[in-house]
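Colleague: Just need the structure, nothing else, for what follows:
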Amino acid sequence: MKNIILGTIFALTAASAAQAGALVDPIVEPVVIVEEATTSSSAGILIPILLILFLGGVALSGGGESGSITNVN
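Modeller: Next comes the predicted model:
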């Protein structure tokens, strides 16, 4: 009888110890990823292309007498 009582106490103690902890999510620090902002590669070439187009337009339109005033006698 003494062995049955000791076995029961041992079984209850082991069962209660196994269920003592609750399932809790572990605390995990979030990983911070820092990403450098990338600029467009076409931004650096845009201004020189516009300058070339402007100078080409000025060169093609120059050389005429479109704005000169002629004297009529």
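Colleague: how close does I49 sit to T38?
Modeller: Spatial separation of I49 from T38 under the definition CB to CB, to the nearest Å is 21 Å. Placement of C-beta: from N, CA and C, glycine included.
Colleague: and the two? which has more neighbours close in?
Modeller: Neighbours per residue, other CB atoms under 10 Å: of I49 and T38, the larger number sits with I49, 10 against 6.
Colleague: And that one, what's its pLDDT?
Modeller: According to the prediction, I49 has pLDDT 91.
Colleague: what about it, helix or strand, and which?
Modeller: Under the assignment given by DSSP states H and E, the secondary-structure element containing I49 is helix 43-61.
Colleague: Just the buried positions in that helix, please.
Modeller: By neighbour count, and taking 16 or more other CB atoms under 10 Å as the criterion, helix 43-61 has no buried residues at all.
Colleague: CA atoms only for that helix, dumped as PDB, please.
Modeller: In PDB, the C-alpha atoms belonging to helix 43-61 read as follows (Å, rounded to 0.1, in the frame of the first residue of the first chain):
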ATOM      1  CA  ALA A  43      19.500  61.200 -63.500                       C
ATOM      2  CA  GLY A  44      23.100  62.000 -63.900                       C
ATOM      3  CA  ILE A  45      23.000  61.900 -67.700                       C
ATOM      4  CA  LEU A  46      19.700  63.800 -68.100                       C
ATOM      5  CA  ILE A  47      21.100  67.300 -67.800                       C
ATOM      6  CA  PRO A  48      24.000  66.800 -70.300                       C
ATOM      7  CA  ILE A  49      21.600  65.300 -72.900                       C
ATOM      8  CA  LEU A  50      19.300  68.300 -72.500                       C
ATOM      9  CA  LEU A  51      22.200  70.700 -72.900                       C
ATOM     10  CA  ILE A  52      23.400  69.000 -76.100                       C
ATOM     11  CA  LEU A  53      19.800  69.100 -77.500                       C
ATOM     12  CA  PHE A  54      19.500  72.800 -76.600                       C
ATOM     13  CA  LEU A  55      22.900  73.700 -78.200                       C
ATOM     14  CA  GLY A  56      22.000  71.600 -81.300                       C
ATOM     15  CA  GLY A  57      18.700  73.500 -81.700                       C
ATOM     16  CA  VAL A  58      20.500  76.800 -81.300                       C
ATOM     17  CA  ALA A  59      23.100  75.800 -83.900                       C
ATOM     18  CA  LEU A  60      20.500  74.700 -86.400                       C
ATOM     19  CA  SER A  61      18.400  77.800 -86.100                       C
END
